[in-house]
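Enquirer: With the sequence up front, the predicted model follows.
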Amino acid sequence: MESCAFKSIMSCILGYGLGAAIGLFSSSVNPNVASVEKQQSAREILREMKTTTLSYAKNFAVIGCIFSAIECSIESYRGKTDWKNGTYAGGLTGGIIGLRAGIKAGLIGAAGFATFSTVIDYYMHRS
């Protein structure tokens, strides 16, 4: 059960669940203030919450799937399990996702995601 496909699918599913939870929380505390003339109905509020929740869920699922697939592939190629795998995977994932907004955003996304992945790996494996 340690295949790259299994890890990637599990990351996608868990990312979807985590994203949905964060999206639901985010939409519940969002200060949407309707104008005085028009009061929002419960149906409209629930529709907005559903949209936000599904958006977060989809984004987290995609990020989890891409990151875990790349990390597992790098780990298989290198034959080592260390912090460099997460750093490289973070850089590639951040770059791929950031490229949708342009080259500069891709470079910033790559650097940011690689840094975050390195810090998380250091923190999690520090014993």
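Expert: That came in fine, so what should we check first? Numbering: from 1, shown residues only.
Enquirer: what residues are up against Ser27?
Expert: Glu48, Met49, Thr52, Thr53 (Cβ atoms under 8 Å, 6 or more residues apart in numbering). Heads up, the C-betas are built off the backbone N, CA and C, glycines and all.
Enquirer: excluding its backbone neighbours, what's nearest the last one?
Expert: In other words, Thr53. Gly23 (3.9 Å; Cβ to Cβ, 6 or more residues apart in numbering).
Enquirer: Just confirm that neighbour contacts Ala61, I think it does.
Expert: No - taking contacts as Cβ atoms under 8 Å, Gly23 lies outside contact range of Ala61: 11.3 Å.
Enquirer: Tell me the buried residues within the contacts of Ser27.
Expert: Buried subset of the contacts of Ser27 (neighbour count, 16 or more other Cβ atoms under 10 Å): Met49, Thr52, Thr53.
Enquirer: What residues does the first one make contact with?
Expert: So the one you mean is Met49. Applying Cβ under 8 Å, 6+ apart, the residues near Met49 are Leu24, Ser27, Ser28.
Enquirer: Alright, that wraps it up for me.
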